[in-house]
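Peer 1: 3D model of this:
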Amino acid sequence: MLKKTTIIAAFLILTSAAKATAIPARTVYQNDANSNAIELKVWKGYGLTINLMSTGETIKQVWIGDPSRFAFTSNGALCQSSGNDSDCTGGKATVIFLRQIDPINFPVTSSSNGSTQITVLTNDNLYQFKIVPATGNPAYTSLVIKSDSERPLPITRPRTPQPLTVEKPQSAPPPQTITVQKPQPVALMRPNPGTTLNGAIQRNDANALAFGLAEAGRKGQVRPGSTTWNKVQDAIKLLRRGKTKDEAISLSQVDKTTFYQLLEWGRL
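Peer 2: Have a look, this model is predicted:
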């Protein structure tokens, strides 16, 4: 009986310890991850996972601006930098695992705190995060990106009922003559060619521009994190918000020739 009691007590202690040491995950939604500059910390000895399973996206390619302090692996194949898979259909990864490594003496410019940028290209989005090395006990070890459709609705407070005002009855107005007008024919407008109801063309342009930018990065013609790279990123976000190509070029201040060259590469 004493032995059984000891086993039960030990089990309860282990269960309580496991709950106490559980590390919560950090959650963001797709639109926030696309439009906001999110900083992620990668704790030494723990690492960080970037999880896109909830969005249904697959990861195609990943770049780290300064690879001298961080390394990554994925739970599936990424698209090959070269080969016959031009549509990038081979990528099956949905999770990336980042970890700190001992600094390597690369001929790259490093920031004062060792931070850099990671770029994640999926079949539908281009995510960019600032990653910073950290030590000690982690506040989180996982970033979960969820679809915007899973975002909870805001909580609204019930309105305070207003007191009813009782008005005195008024005398009935004199009867009026009602004139019935004949219904007017309704003119049906045909959709203008080249446009869609939900901005599908702008969405396709945004995806093409994202793939074109990825190709330019692979070829070394546009460096990730450069001024041109960031301007094209802004143009992609503007297209996804329904802006036209001309509006996206004007607002992002990206070079027009570069914009259309990347767009052409992304459609090949």
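Peer 1: helix/strand/coil for Trp63?
Peer 2: The three-state assignment at Trp63 reads strand, by DSSP: H, G, I helix; E, B strand; the rest coil.
Peer 1: my guess is it contacts Gly217, does it?
Peer 2: Yes. Contact between Trp63 and Gly217 holds when scored by Cβ atoms under 8 Å: they sit 6.3 Å apart. Glycine gets a C-beta too; all of them are placed from N, C-alpha and C.
Peer 1: Could you tell me which residues touch both of the two?
Peer 2: Counting by Cβ atoms under 8 Å, 6 or more residues apart in numbering, the contacts common to Trp63 and Gly217 are Thr119, Pro224.
Peer 1: any idea how far Thr227 is from Val254?
Peer 2: 10 Å (Cβ to Cβ, to the nearest Å).
Peer 1: quick one: low-confidence parts of the stretch 151-268 of the chain?
Peer 2: 154-203 (pLDDT under 70).
Peer 1: ranges for the helices of it?
Peer 2: 200-219, 227-240, 245-252, 256-267 (DSSP state H, counting those that start in this stretch).
Peer 1: and the end-to-end length of stretch 39-50?
Peer 2: 13 Å (Cα to Cα, to the nearest Å).
Peer 1: Tell me which residues of that stretch come out buried.
Peer 2: Leu40, Lys41, Val42, Trp43, Tyr46, Gly47, Leu48, Thr49, Ile50 (16 or more other Cβ atoms under 10 Å).
Peer 1: Equivalent analysis for stretch 103-121, please.
Peer 2: Here stretch 103-121 shows Gly114, Ser115, Thr116, Gln117, Ile118, Thr119, Val120, Leu121 as buried, counting by 16+ other Cβ under 10 Å.
Peer 1: same check, this time on stretch 205-223
Peer 2: 205-217, 222.
Peer 1: Repeat that for stretch 131-144.
Peer 2: For stretch 131-144, by 16+ other Cβ under 10 Å, it's Ile131, Val132, Pro133, Ala134, Pro138, Tyr140, Thr141, Ser142, Leu143, Val144.
Peer 1: That one - what's its average pLDDT?
Peer 2: Stretch 131-144 shows an average pLDDT of 94 in the prediction.
Peer 1: Output it in CSV, but only the C-alpha positions, please.
Peer 2: Below are the C-alpha coordinates for stretch 131-144, written out as CSV (Å, rounded to 0.1, in the frame of the first residue of the first chain):
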residue,chain,number,x,y,z
ILE,A,131,15.0,37.5,-35.7
VAL,A,132,17.1,38.4,-32.7
PRO,A,133,19.3,36.0,-30.7
ALA,A,134,18.4,35.7,-27.0
THR,A,135,19.6,33.8,-23.9
GLY,A,136,17.9,32.7,-20.7
ASN,A,137,14.4,31.3,-20.3
PRO,A,138,12.2,31.7,-23.4
ALA,A,139,8.9,33.4,-23.4
TYR,A,140,7.8,31.3,-26.4
THR,A,141,9.4,28.7,-28.7
SER,A,142,6.8,28.6,-31.4
LEU,A,143,5.2,31.1,-33.7
VAL,A,144,1.8,29.9,-35.1
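Peer 1: Before I go, just wanted to say thanks for your time.
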